[in-house]
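**Student:** build the 3D model from these lines:
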Amino acid sequence: MRAVAGTSEQRLAEIADSFFRPAVRDLVPYEPGKPVEEVQRELGLDRVVKLASNEGPFGPFPAALEAIARSAPELNRYPDGGAYRLRTALAELHDLRSEEVAVGAGSDGLVDGLSQIALDPGDEIVCGWPSFPSYGIDARKLGAVPTTVPLRDDRYDLEAMLGAITPRTKLVYVCHPNNPTGTMNTRAELDAYFDGIPDHVLTVLDQAYFEYIDDPDYADGIAEYLKAGRRIVVLRTFSKIFGLAGLRVGYALAPPAVVRALGKVRRAFDITTPAQEAALASLGDAQEVRRRRLENAEQRTEVERILREHGLEPAGPAVANFLYCDLGENSRPLFEQLLREGVIVRPTHGFGGPTAIRVTVGTAEENAFLAQALDRVSAMAAKAG
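**Tutor:** Numbering: from 1, shown residues only. Alright, predicted model coming up:
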């Protein structure tokens, strides 16, 4: 009798752990923020606000939605594997050549690609810590060694990172602004870093939150370092201010040799047609980018006030669309308490900050919901105490 899925007659093969490469077997995977639907299902809540994953609180631009709809009838066709039109538009936007532009499934996909083209077992990367986990995860997949340098005053300690470089170091990641702390390095600090970096190292300047920042001391990695001939890859994304996190479109600006190498390891059809079309349609609306940047700055100040009002001190100055609060103790209990009140924040254990939470800036209404949830958590704590 043919086995039917879900019956006791079905038995899948058992694969021993020894089958898998040690680097993969011992890997701790990236832990994403909880989805709204999962929390509603598990806790029986009607309303859940997600402030966990640094997504923009606004959806795609209207032009992007229209572009997605126009692309739908052709979804029986594979996408343009080389993303020619998108790469050409990005090159024009940044006054570069298309051979200096690579695209990937979010900037995270490009971190994976950079690891593949550069790292052999025993090679090293350097990054600050706490910081974005994929830098270390993608290195470990290949048997490379992440060297993590503690932050200083919640910011990347670029001087100490220079001191951590060895002859085996291939990549140095500078998360700018840093995720999860939301803080940035000054132009002078970056200038000094690039003056001291050895010639055998490639720096990856991760500027995923570039469009949110209006601090005059925040350096543009493309204009100030890439075009000046530094050994650098600059990462940007459409996942944040452009509201396309669900479509996964990121890009790298880099010397042509790096872009060619990335092209050799990328998956053949990494960026879907709707993703390419939505990204293209998002490039021409500087006014909407500015509106979202100003709205975020206003609401970030409000979230800072809300957190301080409840005894939580954000790291700062924060310049992106999220805030980081070190509680001085395991942050999971507060995460779980807020979860039961319908607010998803991010405990930052996977980022190297087990005593902190990261809170994304939402809309005014979502931030008010956060304040009410913290009120209830504080009231319960006072009653229990």
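**Student:** which parts of the stretch 201-350 of the chain are strands?
**Tutor:** Remark: strands assigned in the stretch 201-350 of the chain by DSSP state E, counting those that start in this stretch are 202-206, 232-237, 250-253, 322-326, 343-344, 346-348.
**Student:** next one: the stretch 51-200 of the chain
**Tutor:** Remark: strands assigned in the stretch 51-200 of the chain by DSSP E, counting those that start in this stretch are 101-104, 124-129, 145-150, 169-175.
**Student:** need these in JSON lines (columns: distance to V359, mean pLDDT and mean neighbour count).
**Tutor:** Just so you know, the C-beta spots here come from the backbone N, C-alpha and C atoms, and that holds for glycine as well. Rendered in JSON lines, the data for the strands of the stretch 51-200 of the chain read as follows (distance: least, Cβ to Cβ, whole Å; pLDDT from 0 to 100; neighbours: other Cβ atoms under 10 Å):
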{"stretch": "strand 101-104", "distance to V359": "27", "mean pLDDT": "98", "mean neighbour count": "25"}
{"stretch": "strand 124-129", "distance to V359": "20", "mean pLDDT": "98", "mean neighbour count": "25"}
{"stretch": "strand 145-150", "distance to V359": "22", "mean pLDDT": "98", "mean neighbour count": "17"}
{"stretch": "strand 169-175", "distance to V359": "18", "mean pLDDT": "98", "mean neighbour count": "24"}
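**Student:** still on that earlier bit, can you redo the strands of the stretch 201-350 of the chain as CSV with distance to G128 and mean neighbour count?
**Tutor:** As requested, these are arranged in CSV below (distance: least, Cβ to Cβ, whole Å; neighbours: other Cβ atoms under 10 Å):
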stretch, distance to G128, mean neighbour count
strand 202-206, 11, 25
strand 232-237, 15, 25
strand 250-253, 20, 25
strand 322-326, 13, 25
strand 343-344, 26, 24
strand 346-348, 13, 25
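**Student:** between those strands, which one is closest to R140.
**Tutor:** Counting by Cβ to Cβ, R140 lies closest to strand 202-206 out of the strands of the stretch 201-350 of the chain; the figure is 16.3 Å.
**Student:** partner strands of the closest one, with direction?
**Tutor:** When pairing is defined by DSSP bridges, strand 202-206 lines up against strand 169-175 (parallel), strand 232-237 (parallel).
**Student:** residues in contact with it?
**Tutor:** The contact list for strand 202-206, computed with Cβ atoms under 8 Å, 6 or more residues apart in numbering, reads 107, 111, 114, 118, 132, 170-176, 193-194, 197, 221, 225, 230-235, 258.
**Student:** mind running it again at 7 Å?
**Tutor:** Among residues not part of strand 202-206, those counted as contacts by Cβ atoms under 7 Å, 6 or more residues apart in numbering are 107, 114, 118, 132, 170-176, 197, 221, 225, 231-235.
**Student:** and stretch 93-106, by the same measure?
**Tutor:** Taking Cβ under 7 Å, 6+ apart as the criterion, the residues outside stretch 93-106 that touch it are 83, 86-88, 90-91, 110, 113, 222, 237, 239, 248-256, 259, 262-263, 266, 270-271, 283.
**Student:** low pLDDT regions in this structure?
**Tutor:** Judged against pLDDT under 70, the low-scoring parts of the chain cover residues 1-8, 385.
**Student:** which residue ranges make up the domains of it?
**Tutor:** 31-58+287-384, 62-282 (automatic domain parsing).
**Student:** as CSV, those domains with distance to A13 would be great.
**Tutor:** Shown next, in CSV, are the domains of the chain (distance: least, Cβ to Cβ, whole Å):
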stretch, distance to A13
domain 31-58+287-384, 28
domain 62-282, 24
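**Student:** what's the closest of those domains to V24?
**Tutor:** When the domains of the chain are compared for distance to V24 using Cβ to Cβ, the nearest one is domain 62-282, at 6.4 Å.
**Student:** now the lengthiest helix in the chain, how far from the chain's geometric center?
**Tutor:** Ordering each helix of the chain by length in residues (DSSP state H) puts helix 286-309 first. Taking Cα atoms, centre = their mean, to the nearest Å, the mean C-alpha location of helix 286-309 is offset from the chain mean by 19 Å.
**Student:** mind listing what's buried in that helix?
**Tutor:** Of the residues in helix 286-309, those buried by neighbour count under the rule 16 or more other Cβ atoms under 10 Å are 288-289, 292-293, 295-296, 299-300, 302-304, 306-307.
**Student:** what residues does G342 make contact with?
**Tutor:** G342 makes contact with 45, 47-49, 373 under the criterion Cβ under 7 Å, 6+ apart.
**Student:** show me just the buried residues among these.
**Tutor:** Buried by 16+ other Cβ under 10 Å: 48-49, 373, out of the contacts of G342.
**Student:** so can I have a markdown table of these showing secondary structure?
**Tutor:** Compiled in a markdown table, these are given as follows (DSSP: H, G, I helix; E, B strand; the rest coil):
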| residue | secondary structure |
| --- | --- |
| V48 | coil |
| V49 | strand |
| A373 | helix |
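**Student:** so which of the residues you listed is the closest to N76?
**Tutor:** V48 (35.6 Å).
**Student:** how about the contacts made by G109?
**Tutor:** Under the criterion of Cβ under 7 Å, 6+ apart, the contact partners of G109 comprise 250, 270.
**Student:** how much space is there between A315 and G109?
**Tutor:** With distances taken as Cβ to Cβ, to the nearest Å, A315 is found 28 Å from G109.
**Student:** check the gap between V204 and G342 for me.
**Tutor:** From V204 over to G342 (counting by Cβ to Cβ), the distance is 37 Å.
**Student:** near the residue nearest to T88 when sequence neighbours are not counted, how many other residues are there?
**Tutor:** Nearest in space to T88, with sequence neighbours left out and distances taken as Cβ to Cβ, 6 or more residues apart in numbering, is S98 at 5.1 Å. Using other Cβ atoms under 10 Å as the criterion, S98 is surrounded by 19 other residues.
**Student:** adding distance to Y30, write the strands of the stretch 201-350 of the chain out as CSV.
**Tutor:** As requested, the strands of the stretch 201-350 of the chain are arranged in CSV below (distance: least, Cβ to Cβ, whole Å):
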stretch, distance to Y30
strand 202-206, 15
strand 232-237, 16
strand 250-253, 15
strand 322-326, 17
strand 343-344, 17
strand 346-348, 12
